[in-house]
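>>> dropping a prediction and its sequence here:
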Amino acid sequence: MQRVLAVLLVLLGVAGLVLGRLGETVWAPATERTATVELDDPGPAVLIDPGVLYVGGQEGEVTITGASDVSLITAPNGDIEAWLGDARYTRVTGLSDWSTITTEQVNPDGPAELPAPTQSDLWRTVDTSPSPATIDVAQFAAGEHGENEQMYRAILVVTDGTAPGAQSISITWPVHAKNEWVPYAYAAGAAVAVIGLVLLVVSVGSRRRDDEHDPIDDEAPADGEPTTQELR
């Protein structure tokens, strides 16, 4: 009975260790979260409002897909809006939930062309790259809060001034989450497994001692053989 109990405890302990491992791998929470928006007809420009990049904190990455090379322009929000004037464009305003970026159309009946969108003297930075263009949120935040502070810049996204400013935008940020019960599963599994192993060793040792100390006197004599008392 003791040996059976020991084996059961070892099996339960191993199950606890396996459960803890699953909690770190298969059942682990997501390590990142992504919010996206598909832009069907955004106009020649997309304006990302100040602070939208930080919906998930000051870490992560923004990915912007366009039909051609994408230009990312930063400047104060008021300067960008003044330059756009009555042109048709799309504003990125935030999130409606943790997976959906919200937008709104501005001047839907306005002109659908922007002359030389990267050439204005109002721009603080202009970065043109092949699609998809990316923004490292931490680096962008450092530019807003570092020595050359440029607080809460808006981001103007354009291509050539006539094609759609962007086709899609996504923001991905890390999620620092874990299953809180994993350490307890490991600790309980290890403790139960050790107890089971100890009981198993004790059980095997007791069985061996019993086998080694079986008294010969207790054996029944064969027919015609003298008993121990008769030999005395």
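Perfect, thanks for sending it.
>>> contact partners for L11?
L11 makes contact with G196, according to CB atoms under 8 Å, 6 or more residues apart in numbering. Backbone N, C-alpha and C define where each C-beta goes, glycine included.
>>> chain center to the helix ranked longest in the chain: distance?
Longest helix of the chain, by residue count under DSSP state H: helix 182-212. Its chain's C-alpha centre lies 38 Å from the corresponding centre of helix 182-212 when counted by CA atoms, centre = their mean, to the nearest Å.
>>> skipping adjacent residues, who's closest to the residue nearest to the spatial centre of the chain in space?
Nearest residue to the geometric centre of the chain (CA atoms, centre = their mean): T31, 0.8 Å. Leaving aside its sequence neighbours, T31 sits nearest to V175 (CB to CB, 6 or more residues apart in numbering; 6.0 Å).
>>> show me where the protein has strands.
Applying DSSP state E to the chain gives strands spanning 32-38, 45-48, 61-65, 70-75, 89-97, 100-106, 125-129, 133-136, 154-158, 168-174.
>>> can you list the helices and strands that the first one packs against?
Strand 32-38 makes packing contacts with strand 89-97, strand 100-106, strand 168-174 when contacts are defined by 3 or more CB pairs under 8 Å, 6 or more residues apart in numbering; DSSP states H and E.
>>> which residues are in contact with that strand?
55-56, 60, 92, 95, 97-103, 167-175.
>>> what of the fifth one?
Contacts with strand 89-97, where a contact means CB under 8 Å, 6+ apart, come from 35, 37, 39, 42-49, 52, 55, 101-107, 165, 169.
>>> to the chain's geometric centre, what's the distance from it?
Strand 89-97 sits 23 Å away from the centroid of its parent chain (CA atoms, centre = their mean).
>>> with the second one instead?
Strand 45-48 has its average C-alpha position 28 Å from the chain's average C-alpha position, going by CA atoms, centre = their mean.
>>> neighbours around V62, how many?
By the measure other CB atoms under 10 Å, the count of residues near V62 is 23.
>>> excluding chain neighbours, give the residue nearest to it in space.
Distances taken as CB to CB, 6+ apart put I135 closest to V62, at 4.1 Å, once the chain neighbours are dropped.
>>> where does the prediction get shaky in this protein?
Applying pLDDT under 70 to the chain flags residues 145-151, 205-232.
>>> tell me who's in contact with the closest residue in space to L8 that isn't next to it in sequence.
Sequence neighbours aside, G196 is the residue nearest to L8 in space, at 7.2 Å (criterion: CB to CB, 6+ apart). Residues in contact with G196, defined by CB under 8 Å, 6+ apart, are L5, A6, V7, L8, L9, V10, L11, L12, G13.
>>> with that, I have no additional questions.
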